[in-house]
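>>> would you be able to build a 3D model of this:
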Amino acid sequence: MKGKIGLVVGLGVGYVLGTRAGRERYEQIKTQWLKVWHLDPVQQQVTRVQDFAKAKAAAVPQALWDGAVRVVRSASTSGTPGQKLDSVIDTAKDAVDDVADAAEDAVRRAERAERDEVKQAKAAKPAARSKGD
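Residues are numbered from 1 along each chain as shown. Now for the predicted structure:
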């Protein structure tokens, strides 16, 4: 799904930027794009993405902060400069892994929520059809 959306957006941007039809064609494309952008389903998806970003984006900065604190603490330990450097490197590698895990977890939660919403929407459609019959 992400790949298809990216492809469509990329093709649209490439066409707009690469067109040689002039300003009139550009304005036509822009008008059509704005019509699509302001459709209710598109705006619903935009709102969902914004809500997700607000709710889930805090996980990654928190992991970054925790990692930075751990690196600073490991740099201030006692030992030779070489031991301190080794400690900082090991701690930084662990912190990077933690940030990657936090980002992957956020993506998995978003994908799971998307699947759940699609299932709910599919389940709601037959119920709506039976009411109309």
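>>> and for residue 119, the neighbour number?
10 (other CB atoms under 10 Å). All C-beta atoms are positioned from the backbone trio N, CA, C, and that covers glycine.
>>> with residue 91 instead?
Neighbourhood size, residue 91 [other CB under 10 Å]: 20.
>>> can you check the one 3 residues further on too?
Neighbour count for residue 94, taken as other CB under 10 Å: 14.
>>> on the three-state scheme, the closest residue to residue 29 other than its chain neighbours is what?
Nearest non-adjacent residue to residue 29, counting by CB to CB, 6 or more residues apart in numbering: residue 16, 5.5 Å away. Classification of residue 16 using DSSP: H, G, I helix; E, B strand; the rest coil returns helix.
>>> how about the residue located most distally from the centre of the chain, what does it touch?
Outermost residue of the chain with respect to the C-alpha centroid, by CA atoms, centre = their mean, is residue 80; its distance is 42.3 Å. Applying CB atoms under 8 Å, 6 or more residues apart in numbering to residue 80 gives no contacts.
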